[in-house]
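> I'll drop the sequence and a predicted model, then ask my questions.
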Amino acid sequence: MRNIHLHNIQIADVQHDPSLQRVYGVRSECPFNELVGFHATTSLPPDLMHDCLEGVVPLTMRALFKSFSNSRLCSVNKINSLIRQFPFGLSDQNNKPRSLPYDVVQSDGKVRMSASENWCLFRLLPLIVGMNVPKGNEYWELYILLSQIMDVVLAPKIKVEWVDYLQYLIGDFLSHCAALQPEILVPKFHFLLHYPSMIRKFGPLRHVWCMRFESFHRKIKAIATKSHNFKNLSHTVTKRIQMLKCWEQSSAVGLHEETDATGRHNVPFCRLPVHTREYLISQWKDVDLHISTAQSVSVNGLNLCVVDVVDEVPVFAKVVEILFVNGNLVLCCEFLRTFGFNGHFQSYEVLATNSVLFIGKSQIMYHASDLYNIEDKLLVRMRHKLCGHC
């Protein structure tokens, strides 16, 4: 891996012989190196979005689809049909992937989707096509290895002991790629080798990726398109963004915690289930209760929650009813017993129970997961590996 000493030698060589630019991959000294505490070889973390979600993930999926087509397990038409028929949950609908192009299995084919669509398709692929793939399929094992890697690198909190395991997974994944599909190995695959050391240095790479910047850039592009003013576009966009930020900071809308409910209507206390009435009486004694229910609720964009994590095994609850009691949000949930982790579907298998629990707004964690029924199994596909209350 390039270090400061080697980089300085290469810069000096390039200045003496410009033809070495293509050999070393550098053109000149980085101006930011003049900043105190900064150097281009040590201070720039990798971008998880471009390396993985727009690089390794779609290339691996293309190899997987190509193997399905060649072995007649599942054609591109069949995969597109399964994607269209799949009941994407509420938290996954916003990133619902589009249909695959028919040339995706060709040597020059591509999975033409955005980073969020690539991630949604990759994450839910076991639930969409997993039932058509036999256990032990070597390309499916390749997918599972990358899925385990992504579960770690996308986690907002990472335990120290995970990093060594991540290094082992990456080496195993690259070895499988070299054996099965060496033509897909582009530099972005090599970048994965440096992820464990980068995590040790910068922490979870999710916090330094470009996803949020790309999302904000989309707003800027929308302003540029809708303004129909190309005389001084930078001035127009800058002014509009400044006005938006002024409005957000000066109004209560931009600063308060959002709790948006749909289908909200008042309900008499006597019509509530017995267990709900008993809970409300125990929490709000001698208080007049004004109760309303809602079809759905979004707490800062979240609809469903993971209640707890015990020994790295998540405990789930299914939201059954949404109540507003004197303006306070209360979720009536059914406890779901975690049966175990299904390796083929890369999902937690849960069992419904008759146990009821109530969750207040302060107890809602930021995870938003959907419950899927696949082959009579209730499955929850997590977005990343969990670390306690992360």
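Now that the structure is in, tell me what you want to look at. Quick caveat: nothing in here was measured; it's all calculated off a predicted structure.

> Going along the chain, name the helices of the stretch 251-390 of the chain.
Ranges of helices within the stretch 251-390 of the chain are 274-283, based on DSSP state H, counting those that start in this stretch.

> Surely L378 touches L351?
Yes - counting by CB atoms under 8 Å, L378 touches L351, with 6.8 Å between them. Using the backbone N, CA and C atoms, a C-beta is placed for each residue, glycine as well.

> neighbours around L329, how many?
By other CB atoms under 10 Å, the residues close to L329 number 18.

> The closest residue to it other than its chain neighbours: neighbour count?
Nearest residue to L329 in three dimensions, chain neighbours excluded: K361, at 4.4 Å (CB to CB, 6 or more residues apart in numbering). Counted with other CB under 10 Å, the neighbours of K361 add up to 13.

> Spell out which residues are contacts of both of L378 and L351.
Any residue near both L378 and L351 by CB atoms under 8 Å, 6 or more residues apart in numbering counts here, and that gives L336.

> more neighbours, those two?
Neighbour count, other CB under 10 Å: between L378 and L351, L378 has more, with 18 against 12.

> what sits opposite the more buried one in the beta ladder?
On the basis of DSSP bridges, L378 takes part in beta bridges with V350, N373.

> who touches Q21 in this structure?
Q21 is in contact with V14, R27, counting by CB under 8 Å, 6+ apart.

> how close does it get to Q249?
As judged by CB to CB, to the nearest Å, Q21 and Q249 stand 45 Å apart.

> before we move on, what about Q106?
50 Å.

> for N77, same thing?
51 Å.

> So for those two, which sits in the more crowded spot?
More crowded of N77 and Q249, by other CB under 10 Å: N77, with 12 against 9.

> where does the more buried one land in three-state SS?
Here N77 is helix, with the state taken from DSSP: H, G, I helix; E, B strand; the rest coil.

> list the contacts for it?
Contacts of N77 by CB under 8 Å, 6+ apart are Y102.

> domains for the chain, by residue range?
4-34, 48-208, 211-254, 260-380 (automatic domain parsing).

> For these, give me CSV that also has mean pLDDT.
Below are these laid out as CSV (pLDDT from 0 to 100):
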stretch, mean pLDDT
domain 4-34, 88
domain 48-208, 91
domain 211-254, 84
domain 260-380, 76
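
> Name the stretch among those domains that sits most buried.
domain 48-208 (a mean of 17; mean count of other CB atoms under 10 Å).

> Just the terminal-to-terminal distance for that one.
8 Å (CA to CA, to the nearest Å).

> And for stretch 227-234?
By CA to CA, one end of stretch 227-234 lies 11 Å from the other end.

> Show residues contacting it.
A224, T236, V237, R240.

> ok but the second one is inside a strand, no?
No - remark: T236 does not belong to a strand; assigned using three-state DSSP, it is helix.

> That one contacts I223, doesn't it?
Yes - contact status for T236 versus I223: in contact at 7.5 Å, counting by CB under 8 Å.

> Quick check: the gap between the residue nearest to L329 and D288.
21 Å.

> Please apply the same query to N326.
According to CB to CB, N326 and D288 sit 8 Å apart.

> Got phi/psi on S116?
The phi/psi pair for S116 (degrees, to the nearest 10) reads phi -70, psi -40.

> Tell me who's in contact with it.
Taking CB under 8 Å, 6+ apart, we find S116 in contact with L53, N94, N95, M211.

> Ok, I184 next?
By CB under 8 Å, 6+ apart, the residues touching I184 are L59, T60, R62, A63, C177.

> Now the second one. Nearest residue, chain neighbours left out?
Nearest residue to T60, sequence neighbours excluded (CB to CB, 6+ apart): L146, at 5.4 Å.

> residues in contact with that neighbour?
Neighbours of L146 in contact, by CB under 8 Å, 6+ apart: V56, V57, T60, F173.

> possible to save those residues as JSON lines with secondary structure and distance to R2?
Formatted as JSON lines, the contacts of L146 follow (DSSP: H, G, I helix; E, B strand; the rest coil; distance: CB to CB, whole Å):
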{"residue": "V56", "secondary structure": "helix", "distance to R2": "21"}
{"residue": "V57", "secondary structure": "helix", "distance to R2": "26"}
{"residue": "T60", "secondary structure": "helix", "distance to R2": "26"}
{"residue": "F173", "secondary structure": "helix", "distance to R2": "23"}
